[in-house]
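S.K.: sharing a sequence plus its predicted fold:
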Amino acid sequence: MKQLRRFVFLSAALAVATAAPAQERKAERGAAVPLPVPAWGCRHADLIVRGAIYTDVRGAASPAMAVRDGKVVAVGTNLQITRCAGPHSKVLTLPPGQPIIPGLIDTHTHALDWAKGVLRNEIDLGAPAVRSIADASRLVAERAARARPGQWILGFGWSDSRLAEQRYIHRADLDAVSPDNPVYLVHVSGHLAVANSAALRLAGIARETAEPAGGVIERDERGQPTGILKDNAMALLARLLPRDPADLAERAARLVSDEALRAGLTTIHDFGLTPGDMRGYQAARQSGALRLRVHLVPNVESYAGAESLVARGVATGFGDDRLKLGAAKLFADGGMAARTVAIYPPPVEGEPENFGLLLWSNQELQRTHKLLAAHGWQIATHAIGDRAIDQVLDSYAAVTAELHPRDPRFRIVHCGISTPAIQKRLREMNVLVDGNPPFLYFISKWFERYGAERARWSYPGKSYVENSIIAGGGSDVGVTPLTPWWGIWAGVARQRLGDGVVVAPEERLTVREILTWYTRNGAYIGFEENTKGTLQPGRLADFIVLDRDIFSMPAGELKDVQVLKTFVAGELVYEKKKE
């Protein structure tokens, strides 16, 4: 009898194991296939959910799900999941038209920097409030009228492509409204800023000032600085800015958590963090204010910086499922708005000598990549221009050939001008892309300065899917808003801000394809495909409730989707207030 029971148990286990691949294949084709409900582990669930539950955004909905100890323990029919209920189980029953999908993942943010700017009360110069240089000057004048002598006036978010004048703000514009107080306004791209004459004097930036490596001090026809500082030149002035209060990073982490959860994000990768920023996240975690999951991504600006990072003895993955070290980030080139991305000929239109900036020599980039990879760091390198992307891929190829890392999952951040030749290399090398779908709406006007052919291959979508390139969805906040719904909509619509022109319509994605970027792909990029991205049994119970059926509604409504509830580890962490 004991042998018979053992045989029955093993046969049942084998049946479940062998059925799973077939069920996954059916799910990919859109068939509603309830996952097996294990007899073990499905009693006394903490939470029972009933409704249209898309455990995988690629498949059909299941009617019920059980959660215990922060994880999904079963998905199936209402009758099956009834077996999971216990005397203390909470039950959430959703009406038709309010589907559940896995929590969304943003693989590229500067969320803490954005939140610190908000908390510093910096002037918000973004559209639609600021539509002209006159608008920006008025806001600076209002702040200058209230400022103490010598007090800095700081702002962020302006974009020349959204200004009526279609040009950069210059120091002369700012001098007219703030001749005495120093002014420093960061462009929405983060790759350039404008300073007035008072600020330039404090920084010692004048006609004879040499440009730093990897930076540009823009000058007029007389050789005088216009006030525009690009990339590494920004550091000449940024080092003089007022010191932040000791608790600013912690308060910013709380704001990031609240706003991300409101938008349906349950995990973000936050780039460019200092040790103080990381301590802020840790303090918010310890106080219970950080309910969001965060990958902490430090910058590496030199080989010495990489040495310092690896000397700490930790690497990618250190931490837990709430707060952990992510990749190490490097910059290979500049930004499109600053016109400093490294490109092959032809040059930037109207600037015959401008082929952008490579911020590393080939040898030094490879040397630094190798050091980081050898010590267990995943690498994410910012590269937008095609010349910079090739430089990074060459380095990754050399490091891979020398170290033979088991599963490096090297990433290219943005991978902006992603030509067919580059996509072929990405596929062959299994390099991942931190994509930016909302760029198509908010900043695609910047593409035009690089010519029609490069604009065609800027931030593609469908060709990544067709070439089996794994790309994630990133806001790059504050370049675009933190909410992922602009990116989800833009990935499908690819419409440009202002005139509605469709950018490379052949690159449009379906709703399910773009949602995959923000779920399954995002999880894979963070080495978390076994814990996130779907709501299969054993995965973390991170999910969101939406106010409409995103799989059947008109695509134009995607940007208007509202998140009604957000759950992290089965706990309700955000609920939209009833109006």
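M.R.: That came in fine, so what should we check first?
S.K.: poorly predicted segments of the chain, please.
M.R.: Applying pLDDT under 70 to the chain picks out residues 1-41.
S.K.: domain ranges for it, per the record?
M.R.: In the domain annotation for the chain, the residue ranges read 1-96+535-579, 121-238, 248-525 (automatic domain parsing).
S.K.: for residue 107, find the nearest of those domains.
M.R.: Residue 107 sits nearest to domain 248-525 of all those, at 3.4 Å, using Cβ to Cβ. Every C-beta, even on glycine, is put in place using the N, C-alpha and C of the backbone.
S.K.: now that closest one, how far from the chain's geometric center?
M.R.: Between the mean C-alpha point of domain 248-525 and the mean C-alpha point of its chain there is a distance of 7 Å (Cα atoms, centre = their mean, to the nearest Å).
S.K.: wait, isn't residue 484 in contact with residue 263?
M.R.: Yes: counting by Cβ atoms under 8 Å, residue 484 touches residue 263, with 6.2 Å between them.
S.K.: who's more crowded, the two?
M.R.: Summary of the neighbour comparison: residue 484 and residue 263, criterion other Cβ atoms under 10 Å, with residue 484 having more neighbours (29 against 22).
S.K.: all helices for the stretch 151-300 of the chain, in order.
M.R.: Across the stretch 151-300 of the chain, reading from the start of the chain, the helices by DSSP state H, counting those that start in this stretch fall at 171-175, 197-203, 235-238, 248-263, 275-287.
S.K.: any chance of those helices in CSV, plus distance to residue 144?
M.R.: Rendered in CSV, the data for those read as follows (distance: least, Cβ to Cβ, whole Å):
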stretch, distance to residue 144
helix 171-175, 9
helix 197-203, 10
helix 235-238, 18
helix 248-263, 23
helix 275-287, 29
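S.K.: still on that earlier bit, what's the closest of the domains of the chain to residue 109?
M.R.: Of all these, the one in closest proximity to residue 109, counting by Cβ to Cβ, is domain 248-525 (5.0 Å).
S.K.: okay, how far is it across that closest one, tip to tip?
M.R.: Distances were taken as Cα to Cα, to the nearest Å; on that basis the terminal residues of domain 248-525 are 29 Å apart.
S.K.: how many neighbouring residues does the nearest residue to residue 538 once chain neighbours are set aside have?
M.R.: On the basis of Cβ to Cβ, 6 or more residues apart in numbering, the spatially nearest residue to residue 538 that is not a chain neighbour turns out to be residue 71, at 6.3 Å. Residue 71 is flanked by 19 other residues according to other Cβ under 10 Å.
S.K.: spatially central residue in the protein, please.
M.R.: The central residue of the chain, meaning the one whose C-alpha is nearest the mean C-alpha position (Cα atoms, centre = their mean), is residue 108 at 2.2 Å.
S.K.: from the helices of the stretch 151-300 of the chain, which stretch is densest packed?
M.R.: Across the helices of the stretch 151-300 of the chain, averaging neighbours per residue (mean count of other Cβ atoms under 10 Å) puts helix 248-263 on top, at a mean of 23.
S.K.: report the angle between that one and helix 275-287.
M.R.: 60 degrees (axes from the mean of the first three to the mean of the last three Cα atoms, to 10 degrees).
S.K.: distance of the residue nearest to residue 538 relative to residue 418?
M.R.: Taking Cβ to Cβ, to the nearest Å as the measure, residue 71 and residue 418 are separated by 36 Å.
S.K.: now do residue 59
M.R.: Residue 59 sits 28 Å away from residue 418, taking Cβ to Cβ as the criterion.
S.K.: neighbour-wise, which of these two wins?
M.R.: Here residue 59 and residue 418 are set side by side on neighbour count (other Cβ under 10 Å), and the busier one is residue 418, at 27 against 20.
S.K.: the more buried one: what's it in contact with?
M.R.: Residues touching residue 418, when contacts are defined by Cβ atoms under 8 Å, 6 or more residues apart in numbering, comprise 389, 426, 433, 457, 458, 459, 460, 464.
S.K.: okay but the fifth one is in contact with residue 417, surely?
M.R.: Yes: A contact is recorded between residue 458 and residue 417 when judged using Cβ under 8 Å, the distance being 5.6 Å.
S.K.: need the phi and psi values for residue 361.
M.R.: Note on residue 361: backbone dihedrals following degrees, to the nearest 10 are phi -80, psi 160.
S.K.: what residues does it make contact with?
M.R.: For residue 361, counting by Cβ under 8 Å, 6+ apart, there are no contacting residues.
S.K.: can you tell me how far it is from residue 303?
M.R.: Separation of residue 361 from residue 303 (Cβ to Cβ) stands at 11 Å.
S.K.: ok, residue 322 next?
M.R.: Between residue 322 and residue 303 the distance, using Cβ to Cβ, works out to 32 Å.
S.K.: swap in residue 512?
M.R.: With Cβ to Cβ as the criterion, residue 512 and residue 303 are 43 Å apart.
S.K.: burial measure for residue 302, as a count.
M.R.: Residue 302 is flanked by 12 other residues according to other Cβ under 10 Å.
S.K.: quick check: closest non-adjacent residue to it.
M.R.: On the basis of Cβ to Cβ, 6+ apart, the spatially nearest residue to residue 302 that is not a chain neighbour turns out to be residue 368, at 7.6 Å.
S.K.: can you check residue 154 too?
M.R.: For residue 154, ignoring the flanking residues on the chain, the nearest one in space by Cβ to Cβ, 6+ apart is residue 122 at 4.5 Å.
S.K.: how far away is that neighbour from residue 156?
M.R.: With distances taken as Cβ to Cβ, residue 122 is found 5 Å from residue 156.
S.K.: who has more neighbours out of those two?
M.R.: residue 156 (22 against 19).
S.K.: and that one, how far is that from residue 194?
M.R.: Applying Cβ to Cβ, one obtains 11 Å for the distance of residue 156 from residue 194.
S.K.: which residues do these two both contact?
M.R.: Common neighbours of residue 156 and residue 194, counting by Cβ under 8 Å, 6+ apart, are residue 185.
S.K.: quick check: residue 485 touching residue 561?
M.R.: Yes: shown here, residue 485 and residue 561 form a contact pair, counting by Cβ under 8 Å, at 5.1 Å.
S.K.: what residues are up against residue 492?
M.R.: Contacts of residue 492 were listed using Cβ under 8 Å, 6+ apart, and they are 508, 509, 510, 511, 514, 555, 558.
S.K.: again, only this time at 6 Å
M.R.: Residue 492 is in contact with 509, 514, 555, counting by Cβ atoms under 6 Å, 6 or more residues apart in numbering.
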